[in-house]
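Trainee: let's see this in three dimensions:
(4 chains)
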Protein chains: 2
Amino acid sequence: MQEHPTHTQEVATQVKNPDLVERRRRQIVDAAAKLFIAQGFHKTTTRQIARAAGVSIGSLYEYVASKEDVLYLVCEFIHQEVDRGVAEAMQRTTVGKEVLAEVIREYFLVCHRMSDFILLIYQETRSLPAVWRKRVLENELRITGVLVEVLAGLADCGDLPAMGNEKLEMVAHNITVLGHMWTFRRWYLARQYSIEDYIRMQTEFILGTIARQV
Amino acid sequence: MQEHPTHTQEVATQVKNPDLVERRRRQIVDAAAKLFIAQGFHKTTTRQIARAAGVSIGSLYEYVASKEDVLYLVCEFIHQEVDRGVAEAMQRTTVGKEVLAEVIREYFLVCHRMSDFILLIYQETRSLPAVWRKRVLENELRITGVLVEVLAGLADCGDLPAMGNEKLEMVAHNITVLGHMWTFRRWYLARQYSIEDYIRMQTEFILGTIARQV
DNA sequence: CTTTTATGACCGAGCGCTCGCTCAGTAAAT
DNA sequence: ATTTACTGAGCGAGCGCTCGGTCATAAAAG
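Mentor: Below is the predicted model:
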C-alpha cells in the first residue's frame, strides 16, 4: 500500500521529462474522460482524444502505448478524485454523535458530484486488459475499505452498537453501492427525489438496520 | 402494456415466415449472448455471431438489420427471462407471514442465476441506439414495479407496517439494486459469503428498515 | 405428368471504410 | 552535433454490411 504515486508510472512513455509527462497526461486524461463519458470508450477514436487534448496523434503515442492505456489512466484519475473527495469528507466529520449520518451524507454527495465518472467505471472497466481491470476493481474496494474503518472506529468507541465483522463489512458495501445507485438510477429517481431527499431516506434506511439488532 | 409479444417485431427482417424468424432469432440471441458476456459487445464480430449461431453472415442479416439489433434482441431476451423468473417466484410465495422475506429470497436467487446477463445489461446498454436504450431502461424499472406492487399488497393487508408511497418505492429500488449488487460484487463477496449468507444478511437489513419505523 | 416460372431462404466473397498505431522527418534546446 | 519533443501522412488489419448468385420448393402452364 503506497502513497499517492499510484501505478501511473507503469504506463510506458517515450518522453524523459517527468513533469512534462505529468502535464501532458493530465491534458490527455481530461480530454479523454469527457469523450468517454459522452460517447463511450469504443466509439471514441484516438484522433479525437489527441485533438481534444491539444496534441497530435504522434505525440499522444509518446505518452501512452495504447488506447487502453488512456482508459486506465482515466480510471486511475477518477479513483484519485473519489479518494480525495472521501478523505476530505471524512476529515470534516470526525466528531459529534451523528457521525455515521454525516459520513453517509458526505459520501453520497461525492457520488452525486462524480456521477458520470462512476458510471464510466461501471461501464468500461471490462474494456481494460485483465491485469489493469484487477487494479481498478481493487481500487473500488479500497473505498469500501475506508467505510469499514470508519464503522469499526465508531463501533469501538461505542457510538455504534457493536456487531460482527461480517455484518459491519456488509453495511459498508451497502453504503457504497447505494451511493452508486444514485448514479445509475438518477435518470429516474431524480424525477421524484432531490439528492437531499435521497440522502435522508437512505440514511434512515441504513441506520435502521444497525439500530435494530441492539 | 401488452402481453408477451414484446417489441421484438419492430426489429426488421427480410424473412417472411414468422415461425422461422423466431427460431433463427433464438439461435442468434443464444449465441450472441454468450459471446457478448465473454468478450463484450464491441469485441464480438458479426462473423463470430453468425458462426456460433450456425448461420452465414448473409443469413444473419436477413434476420436483423444491424449488429445493434442483435444487442437489442439479447437485452429483450434477458428481461423476458428475468420477468419469467420473478413471476414464477412471486407465484410460489403468495401466502404466509414471512412473505417479504420469501420474495426477497426468490428475487435474489434469480439475480444469482442470471448474474452474467444482468452484468451485461449494466455494461452494454449504452451501446444501444437512444430509442432502444430507453426501452431497456424502462424494462429495468418494470421489475422494480413488480416489487412495488408486492410491497403495496402486503402493506394493504397489514402484513407490513403502512408507509408512505415514497418510502415504499425506495425500498423496492433498494431490493432491486441489492440484488444486482450480488452480480457485480460477487467476485469479491463470494470469497466470504455464500448466496444464502448474502440473502440472510440483506433480508435482515431490509426488514430492519421497515420494522424500525413502527 | 412434365416443364416452366416464381418465390423465399441461404450463402460468402468482397466492398468501402475506419481506426489504432508507426515512422521518417522537422524544429528547438543543450 | 546530439538529444528531446513533436508532427501527421500513411499503413494495413479488420470491421459491418451488401449483393449477385445458388438451390429447393411450389405454383402455373403445357
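Trainee: quick one: the helices in chain A?
Mentor: For chain A, applying DSSP state H gives helices covering A:18-39, A:46-53, A:57-63, A:67-91, A:99-113, A:115-124, A:130-156, A:165-184, A:186-189, A:195-212.
Trainee: could these go into TSV alongside mean pLDDT, distance to residue B:187 and mean neighbour count?
Mentor: Bear in mind the C-beta positions are built from the backbone N, C-alpha and C, glycine included. Output for the helices of chain A, formatted as TSV (pLDDT from 0 to 100; distance: least, C-beta to C-beta, whole Å; neighbours: other C-beta atoms under 10 Å in any protein chain shown):
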stretch	mean pLDDT	distance to residue B:187	mean neighbour count
helix A:18-39	96	23	17
helix A:46-53	98	30	17
helix A:57-63	97	31	16
helix A:67-91	93	17	19
helix A:99-113	94	21	20
helix A:115-124	97	14	19
helix A:130-156	92	7	16
helix A:165-184	96	13	20
helix A:186-189	96	25	15
helix A:195-212	90	24	18
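Trainee: check contacts around the residue lying closest to residue A:25 once chain neighbours are set aside.
Mentor: Leaving aside its sequence neighbours, residue A:25 sits nearest to residue A:63 (C-beta to C-beta, 6 or more residues apart in numbering or on different chains; 5.7 Å). Contact partners of residue A:63, counting by C-beta atoms under 8 Å, 6 or more residues apart in numbering or on different chains, are A:13, A:14, A:15, A:21, A:24, A:25, A:28.
Trainee: closest to DNA strand C out of these?
Mentor: residue A:14 (9.3 Å; C-beta to the nearest atom of the strand).
Trainee: quick revisit: how much space between the residue nearest to residue A:25 and residue A:51?
Mentor: 15 Å (C-beta to C-beta, to the nearest Å).
Trainee: near DNA strand C, which residues of chain A?
Mentor: For chain A, the contact set with DNA strand C under C-beta under 7 Å from any atom of the strand comprises A:43, A:44, A:45, A:46, A:47, A:57, A:58, A:61, A:65, A:66, A:67, A:68.
Trainee: farthest pair in these?
Mentor: The span of the residues of chain A next to DNA strand C, defined through C-beta to C-beta, is set by A:43 and A:58 at 22.5 Å.
Trainee: OK, contacts around residue A:78?
Mentor: With C-beta under 8 Å, 6+ apart, residue A:78 has these contacts: A:33, A:114, A:117, A:118, A:120, A:121.
Trainee: which one of those is nearest DNA strand D?
Mentor: Proximity of the contacts of residue A:78 to DNA strand D (C-beta to the nearest atom of the strand) peaks at residue A:33, which lies at 19.9 Å.
Trainee: which pair in the contacts of residue A:78 has the greatest spatial separation?
Mentor: The most widely separated members of the contacts of residue A:78, counting by C-beta to C-beta, are A:33 and A:118 (12.1 Å).
Trainee: read off the pLDDT value for residue A:158.
Mentor: Per-residue pLDDT puts residue A:158 at 82.
Trainee: and chain A, which residues reach chain B?
Mentor: Within chain A, the positions near chain B by C-beta under 8 Å from any C-beta of the partner chain are A:40, A:42, A:122-123, A:126-127, A:137, A:141, A:166-167, A:169-171, A:173-174, A:177-178, A:181, A:184-185, A:187-189, A:192-193, A:201-202, A:204-205, A:208-213.
Trainee: how many other residues sit next to residue A:40?
Mentor: 17 (other C-beta atoms under 10 Å in any protein chain shown).
Trainee: quick one, what contacts it?
Mentor: A:123, A:124, B:126, B:127.
Trainee: could you redo the last one with a cut-off of 10 Å?
Mentor: Applying C-beta atoms under 10 Å, 6 or more residues apart in numbering or on different chains to residue A:40 gives the contacts A:120, A:123, A:124, A:127, B:42, B:124, B:126, B:127.
Trainee: can you check residue A:141 too?
Mentor: A:148, A:173, A:176, B:185, B:188.
Trainee: can you name the residues that contact the residue nearest to the third one when sequence neighbours are not counted?
Mentor: Same thing as residue A:176. Leaving aside its chain neighbours, residue A:176 sits nearest to residue A:144 (4.7 Å; criterion: C-beta to C-beta, 6+ apart). Neighbouring residues of residue A:144 by C-beta under 10 Å, 6+ apart: A:169, A:172, A:173, A:174, A:175, A:176, A:177, B:185, B:188.
Trainee: determine which two of these are furthest apart.
Mentor: A:175 and B:188 (15.3 Å).
Trainee: near DNA strand D, which residues of chain A?
Mentor: Counting by C-beta under 7 Å from any atom of the strand, chain A sits next to DNA strand D at A:14-17, A:20, A:24, A:55-59, A:61-62.
Trainee: residue contacts, the residue of chain A at minimum distance from DNA strand D?
Mentor: As assessed by C-beta to the nearest atom of the strand, DNA strand D sits closest to residue A:58 within chain A, at 2.0 Å. Contact analysis of residue A:58 by C-beta under 10 Å, 6+ apart lists residue A:50.
Trainee: ok, residue A:111 next?
Mentor: A:82, A:85-86, A:117-118, A:176, A:178-183, A:186, A:195, A:198.
Trainee: let's see it at 7 Å
Mentor: By C-beta atoms under 7 Å, 6 or more residues apart in numbering or on different chains, the residues touching residue A:111 are A:118, A:179, A:180, A:182, A:183.
Trainee: residue A:54 now?
Mentor: Counted by C-beta under 7 Å, 6+ apart, residue A:54 has contacts residue A:27.
Trainee: give me phi/psi at it?
Mentor: As for residue A:54, its main-chain torsions (degrees, to the nearest 10) stand at phi 80, psi 30.
Trainee: any idea how far it is from chain B?
Mentor: Residue A:54 sits 27 Å away from chain B, taking C-beta to the nearest C-beta, to the nearest Å as the criterion.
Trainee: again with residue A:88
Mentor: Counting by C-beta to the nearest C-beta - residue A:88 and chain B are separated by 25 Å.
Trainee: any idea how far that residue is from residue A:107?
Mentor: Between residue A:88 and residue A:107 the computed distance is 11 Å (C-beta to C-beta).
Trainee: repeat for residue A:152
Mentor: 16 Å.
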